[in-house]
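S.K.: Pasting a predicted model and its sequence here:
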Amino acid sequence: MSFGFVLGYSSPAIPELSRISDPRLRLSEIQGSWFGSIVTIGAAVGGLLGGWMVQKIGRKLTLMFCTLPYVFGFTIIIAAQNVWMLYVGRVLTGIASGITSLVTPVRST
């Protein structure tokens, strides 16, 4: 569910953040593009990290640990005071999504 929320969150959030009254959080067109796509950079890193984690600690613990970047990422987005905090939150949730998408289809032996 978190993975789907990360992927779909930017669609309704970008129009709202483009009209928000706080100038520190208001997204320009370019910033909105980054907000929507920066999650894929985190997912690429998360995919690499997830493969390493599965080999070191196993599938189950990797999935349990990947909740941390989800929680921290969403918390940073909720508490954001500027655009960079939104970006950091999106990267963290992207890392968690990359780990999730790598680990979930792995068969346990």
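M.R.: Nice, I can see it. Numbering: from 1, shown residues only.
S.K.: can you pull out the helices in this structure?
M.R.: Assigned helices in the chain, in chain order: 2-19, 29-57, 59-65, 67-78, 83-103 (criterion: DSSP state H).
S.K.: Next, the contact list for Tyr87, please.
M.R.: Counting by CB atoms under 8 Å, 6 or more residues apart in numbering, Tyr87 makes contact with Trp34, Phe35, Ile38. Yep, even glycine has a C-beta here, placed from its N, CA and C like the rest.
S.K.: residues in contact with stretch 1-19?
M.R.: With CB under 8 Å, 6+ apart, stretch 1-19 has contacts from 25-29, 32, 35-36, 39, 67, 70, 86, 90, 93-94, 96-97, 100-101.
S.K.: To clarify, my last question referred to stretch 93-100.
M.R.: By CB under 8 Å, 6+ apart, the residues outside stretch 93-100 that reach it are 2-3, 6-7, 38-50, 53, 62-63, 66-70, 73-74, 77.
S.K.: Give me the buried subset of those residues.
M.R.: 2-3, 6-7, 38-39, 41-43, 46-47, 49-50, 53, 62-63, 66, 69-70, 73-74, 77 (16 or more other CB atoms under 10 Å).
S.K.: Near Trp34, how many residues? Count them for me, please.
M.R.: With neighbours defined by other CB atoms under 10 Å, the count for Trp34 comes to 15.
S.K.: And for it, nearest residue in space, chain neighbours not counted?
M.R.: Tyr87 (6.6 Å; CB to CB, 6 or more residues apart in numbering).
S.K.: From the centroid of this structure, which residue is nearest?
M.R.: Closest residue to the average C-alpha location of the chain: Thr93 at 1.8 Å, with CA atoms, centre = their mean.
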